[in-house]
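>>> Give me a model of this one.
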Amino acid sequence: MLHTASLLHDDVIDASPLRRGAPSAPSKFGSKLSVLGGNFILGRASTALARLGDAEVTQLIASVISNLVEGEILQMRDKTYLKTASLMAKGARSAVVLGGCEEGEVWKDIAYAYGRNVGIAFQLIDDILDYESTSTPGSADLTLGKPGGADLQLGLATGPALYAWEEFPEMGELIGRKFEGPGDVEMARSLVHRSSGVHRTKLLAKEFAEKAKEVLDELPESVAKRGLVALTERVVGRRS
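Sure thing, here's the model as predicted:
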């Protein structure tokens with residue numbers, strides 16, 4: 001529910017016409033209803049949280065909501081991984097707490113570390129997909145389910161662009177003016193594709209995925225553990 005609410009707010013802030021290949025809520029219902037819808041879902045999530053009656057979980061999820069807002073504010077200026085990593089890390093820890101983990105046991109820390117690493121890997125892959133889109137910047141990519149070049153359109157320099165900067169100094173000027181000059185977005189995409197930026201970002205995502213799987217080594221063998229390993233591999237292998 002928290003994730004859905006954040007997506008509704010994201011699409012309003014980013015002015016995204018698509019969400020997973022379908023019209024986004026703002027494009028179909030308008031920004032006002034989308035914001036109200038996101039707020040309504042947050043309210044329902046808070047009600048469900050209160051019914052759990054667990055103080056630690058309440059604190060964890062309340063901090064997730066705070067991190068979602070903080071991450072959105074920060075992302076207006078710079079790309080941040082606060083939202084995704086917080087949601088997955090604290091969500092995983094909350095699940096373990098509700099599963100009956102006792103105070104002082106290591107399982108909560110394992111769950112948190114796993115969620116954080118998977119969350120960062122997920123976001124890095126998301127950054128790559130923005131450059132692997134076959135559509136022109138700002139237009140719809142039906143495979144990806146959102147407009148191509150969305151981060152550049154928002155003035156955000158993500159992993160591929162930052163790595164490209166190391167190989168092409170001229171990228172620094174584009175980043176400095178947040179890709180707002182005529183032809184900046186197209187030039188930035190070209191520099192990224194000519195560089196090893198996408199490849200290096202993919203390697204970084206795999207590093208975080210491997211860290212997540214290493215954390216799982218402390219868990220006993222089980223169907224659940226194998227499922228988490230499979231989930232981690234799916235995160236770095238996704239195409240949309």
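>>> tell me which residues of stretch 45-61 are tucked away?
A45, S46, L49, V57, L60, I61 (16 or more other Cβ atoms under 10 Å). (Glycine included, C-beta is placed from N, CA and C.)
>>> Kindly reformat these as JSON lines and extend each row with pLDDT and distance to P182.
As requested, the buried residues of stretch 45-61 are exported to JSON lines (pLDDT from 0 to 100; distance: Cβ to Cβ, whole Å):
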{"residue": "A45", "pLDDT": "89", "distance to P182": "43"}
{"residue": "S46", "pLDDT": "87", "distance to P182": "46"}
{"residue": "L49", "pLDDT": "85", "distance to P182": "48"}
{"residue": "V57", "pLDDT": "89", "distance to P182": "50"}
{"residue": "L60", "pLDDT": "88", "distance to P182": "46"}
{"residue": "I61", "pLDDT": "87", "distance to P182": "45"}
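>>> ok now the lengthiest helix in the chain, how far from the chain's centre?
Longest helix in the chain, counting residues (DSSP state H): helix 107-132. On the basis of Cα atoms, centre = their mean, to the nearest Å, helix 107-132 sits 7 Å off its chain's mean C-alpha point.
>>> So which elements touch it?
helix 82-98, helix 150-153, helix 159-167, helix 184-194, helix 197-216, helix 223-237 (3 or more Cβ pairs under 8 Å, 6 or more residues apart in numbering; DSSP states H and E).
>>> Please name whichever of those helices is nearest to S31.
Closest to S31 of the helices and strands packed on helix 107-132 is helix 150-153 (Cβ to Cβ; 17.1 Å).
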